[in-house]
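**Student:** mind looking at a prediction? Sequence and model below.
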Amino acid sequence: MVVPDVAAELWADQTVRCVLVPHGQEVEVELRNADGSAFLRKRAPTRQAALNQAEYLRLLLRAADRTAPNGGLKPFALVIEDDRDHGDALSDALRIAGMRALACRSALAAVELARELSPDLVVVDHRLPDVNGAEVCQRLRADRVTAATPIIAVTASPDDLRAEGCLADAVLTKPCPLDTLIAAARLFVRHLASPPDARS
């Protein structure tokens, strides 16, 4: 895919702007100060990878505001994904990160489960058979029991999801490497254990 040779701003907060800058087939993610000067640059091989990198950087900047809950059980994640294999892969990745995880293929059933089980994190796909990921997020945000639950949406069409009023805390773009999902989960559930050493 050829990316137009035009910089595009993805997000901004009070002091930092995130901009995608095409470089041929690759894309560079830049964090810029209020005066427009870049203070961090990360190159990605594709636009999807750059979008995930930009989302991760946005979460990193916000992570300082989050506090870890007090001990007890391992944190619990609810994964809403209608594709069984993909749901299992996401759940397994979160278990490796030190979470308990439950995959649910029905969005409406998952919203009820979230109310009953109070997960520490919800991971939701966009295209679901009953209602879409944006509506799942809206329903969770509208319920006082789940309103503050962190939500990570994973989709092949992030612009569509945002246009539909998605209220997720993070939107990761498919294909999303599992280590990117784990890194994002750690930003919301900060007391997760480090992953096991691959050499052991």
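**Tutor:** Looks like it arrived, so ask away.
**Student:** what strands line up against the helix or strand of the chain with the lowest mean pLDDT, and which way round?
**Tutor:** Every helix and strand of the chain was ranked by mean pLDDT, DSSP states H and E. The lowest is strand 38-44, at a mean of 81. With DSSP bridges as the test, strand 38-44 is paired with strand 26-32 (antiparallel).
**Student:** just the C-alphas of the least confident helix or strand of the chain, formatted as CSV.
**Tutor:** The C-alpha coordinates for strand 38-44 follow below in CSV (Å, rounded to 0.1, in the frame of the first residue of the first chain):
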residue,chain,number,x,y,z
ALA,A,38,9.9,16.5,17.3
PHE,A,39,11.3,14.9,20.5
LEU,A,40,10.7,11.3,19.7
ARG,A,41,10.6,9.4,16.4
LYS,A,42,9.8,5.7,15.8
ARG,A,43,9.8,4.1,12.4
ALA,A,44,7.3,1.4,11.5
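**Student:** the chain: helices as residue ranges?
**Tutor:** 47-62, 84-96, 107-117, 133-142, 158-163, 178-188 (DSSP state H).
**Student:** can you redo those as CSV with mean pLDDT?
**Tutor:** CSV is the format used below for the helices of the chain (pLDDT from 0 to 100):
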stretch, mean pLDDT
helix 47-62, 83
helix 84-96, 92
helix 107-117, 93
helix 133-142, 94
helix 158-163, 85
helix 178-188, 86
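**Student:** compare the ones you listed and give me the one nearest residue 29.
**Tutor:** helix 47-62 (4.9 Å; CB to CB). From N, CA and C alone the C-beta is placed, and that goes for glycine too.
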